[in-house]
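Visitor: Predicted coordinates and the sequence they were generated for:
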Amino acid sequence: DIQMTQSPASLSASLGETVTIECRASEDIYNGLAWYQQKPGKSPQLLIYNANSLHTGVPSRFSGSGSGTQYSLKINSLQSEDVASYFCQQYYDYTFGAGTKLELK
Amino acid sequence: EVQLVESGGGLVQPGRSLKLSCAASGFTFSNYGMAWVRQTPTKGLEWVASISTGGGNTYYRDSVKGRFTISRDNAKNTQYLQMDSLRSEDTATYYCARHDLGPYWYFDFWGPGTMVTVSS
C-alpha cells in the first residue's frame, strides 16, 4: 500500500498570507494526486486533481504542484473562507492524507 | 447543479445490517462511476467501495470485502451500500461521492454524508 504523509497537521496564518501544505508519498505516484477542502460540518470538496489542475469553480489563489513522491498545495492571499481542513488523496488505492487544519492567526 | 443525498444511516447493533442509499441529480448518473467514502475523527477519510457506470465492476477496501456490497440502479439515479456483519470500527460518517469521468481516480462531488453508529 502507498502511504501518504501530510504536513503540517495544523497551521495558523494571517489574512493575505501565502500558505503551503505538503504531501509525501511512500513511492512515486506519477502526479496521481488530488487535494480536497473540508469546511467544518461539511463534506470534502475537490480543489485540485492530477497534482496541478484546478477543479471547476475553484478560486485561482489555490494551486498544486509537485512530482514523484513530493506534492504541495499553495494558497495565495489567504481569505477568511479558506479556514478549513485540507486533505490529499493518491489515486492508486485512494489513500488520503491525515489532513491539515488551517486556522486564522 | 450536481446533487448527491445520502440516507439510511443510524444506530445499529454489532453484527446487524444497514443499507445506505444515495440519490443523485443534476447530471447523467449512468455516465459516472460512483463511490462511498467514510470518515472518522481517528482514522480520517477512508475509501470504502466503488462501482462502474453499469454496475458490472465493483471494488472494495480489504476491511469490508465480503461484508459490504455496493450497487446501483441507473433507472432510479441511485446507488446503494449494503452493510452486513457490522462492526464497531465501521462507525463513521459515510459519504456518497462521484468519480471523475474517466479512470475513477478521484472524487469530484460529494454528498453531505450520513452517520452510521455501530454499538450495542
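Guide: Yes, it's here.
Visitor: what residues are up against residue A:25?
Guide: A:2, A:3, A:4, A:5, A:33, A:69, A:70, A:71, A:90 (Cβ atoms under 8 Å, 6 or more residues apart in numbering or on different chains). Glycine gets a C-beta too; all of them are placed from N, C-alpha and C.
Visitor: Can I get the buried ones among these as something I can paste into PyMOL?
Guide: Selecting only the buried entries of the contacts of residue A:25 in PyMOL, with 16 or more other Cβ atoms under 10 Å in any protein chain shown as the criterion:
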select buried, chain A and resi 2+4+33+69+71+90
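Visitor: Among the contacts of residue A:25, name the ones in strands.
Guide: Mapping the contacts of residue A:25 onto strands (DSSP state E) picks out A:4, A:5, A:33, A:70, A:71, A:90.
Visitor: separation between the second one and residue A:101?
Guide: Distance, residue A:5 to residue A:101, using Cβ to Cβ, to the nearest Å: 16 Å.
Visitor: Next up, the contacts around residue A:14.
Guide: A:78, A:104, A:105.
Visitor: Let me have those in a markdown table, adding pLDDT as columns.
Guide: As requested, the contacts of residue A:14 are exported to a markdown table (pLDDT from 0 to 100):
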| residue | pLDDT |
| --- | --- |
| A:78 | 98 |
| A:104 | 96 |
| A:105 | 94 |
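Visitor: What is the nearest of those to residue B:13?
Guide: residue A:104 (42.6 Å; Cβ to Cβ).
Visitor: what's the closest non-adjacent residue to the closest one?
Guide: residue A:83 (5.8 Å; Cβ to Cβ, 6 or more residues apart in numbering or on different chains).
Visitor: Also residue A:95?
Guide: Residue A:95 sits nearest to residue A:4 (Cβ to Cβ, 6+ apart), 5.3 Å away.
Visitor: pLDDT at the one you found, what is it?
Guide: With respect to pLDDT, residue A:4 has a value of 96.
Visitor: measure it to residue A:94 for me?
Guide: Distance, residue A:4 to residue A:94, by Cβ to Cβ: 10 Å.
Visitor: One more: residue A:8?
Guide: Residue A:8 is 23 Å from residue A:94, by Cβ to Cβ.
Visitor: out of the two, which sits in the busier spot?
Guide: residue A:94 (22 against 13; other Cβ atoms under 10 Å in any protein chain shown).
Visitor: Report the contact partners of residue B:114.
Guide: B:6, B:7, B:8, B:9, B:20, B:93, B:94.
Visitor: rewinding a little: show me the residues around the residue nearest to residue A:104 that make contact.
Guide: Going by Cβ under 8 Å, 6+ apart, the list of residues near residue A:83 reads A:39, A:102, A:103, A:104.
Visitor: Please check those and keep the buried ones.
Guide: So, by 16+ other Cβ under 10 Å, the buried ones in the contacts of residue A:83 are residue A:102.
Visitor: center of chain B, which residue is that?
Guide: residue B:36 (2.7 Å; Cα atoms, centre = their mean).
Visitor: which other helices and strands contact the helix or strand in which that one is found?
Guide: In this structure, residue B:36 sits in strand B:34-40 according to DSSP states H and E. Packing partners of strand B:34-40 (3 or more Cβ pairs under 8 Å, 6 or more residues apart in numbering or on different chains; DSSP states H and E): strand B:18-25, strand B:44-51, strand B:68-73, strand B:78-83, strand B:92-99, strand B:107-110.
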